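Trainee: Starting from these lines, generate the structure:
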Amino acid sequence: MEMYIAYDYSTAGMRSAAYNGAYQYDSLLNKYYKKLSLALSKEDRLVLVEAQKAWISFRDKEAKLLELVGKDEYSGGGTIQQLIDASEYLEVVRQRTLKLFGHYLRATQEY
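Mentor: As a prediction, the model looks like this:
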């Protein structure tokens, strides 16, 4: 992200860097979701699938909430609100990625 921002340190550039970071974390999330899925038994995989579906629902609803509270009438407005939204979204995806990675390490005893 720092390299991305160094290239374009405008508000739009910083927002893009945060969303790009979220995209990269999402790629890692998918990688460790698949690895964890393979480490679990067929029956136990269903729990992972349900948990991930619930998280995706949470992520999408949280993104809507971030957008809502970022509106001028609630936040006072300004372009900083877009940066806050992007940073908060990045954090939601980052946290889930770290959780799945931790579950993977635990399930495979690779810690």
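Trainee: CA only for contacts and neighbour counts going forward, please
Mentor: OK.
Trainee: For residue 100, grab the count of nearby residues.
Mentor: Neighbour count of residue 100, defined by other C-alpha atoms under 10 Å: 22.
Trainee: roughly how far apart are it and residue 34?
Mentor: Separation of residue 100 from residue 34 (C-alpha to C-alpha, to the nearest Å): 10 Å.
Trainee: Ok, residue 98 next?
Mentor: Using C-alpha to C-alpha, residue 98 is found at 14 Å from residue 34.
Trainee: Could you do residue 47 as well?
Mentor: Residue 47 is 14 Å from residue 34, where distance means C-alpha to C-alpha.
Trainee: How about residue 68?
Mentor: Counting by C-alpha to C-alpha, the gap from residue 68 to residue 34 is 33 Å.
Trainee: Residue 72 touches residue 79, doesn't it?
Mentor: No: using C-alpha atoms under 8 Å, residue 72 is not in contact with residue 79; the gap is 10.1 Å.
Trainee: mean confidence score for stretch 92-102?
Mentor: Averaged over stretch 92-102, pLDDT sits at 98.
Trainee: Just give me the residue closest to the centre of this structure.
Mentor: Geometric centre of the chain, nearest residue: residue 93, 1.1 Å, by C-alpha atoms, centre = their mean.
Trainee: Thanks again, I'm all set now.
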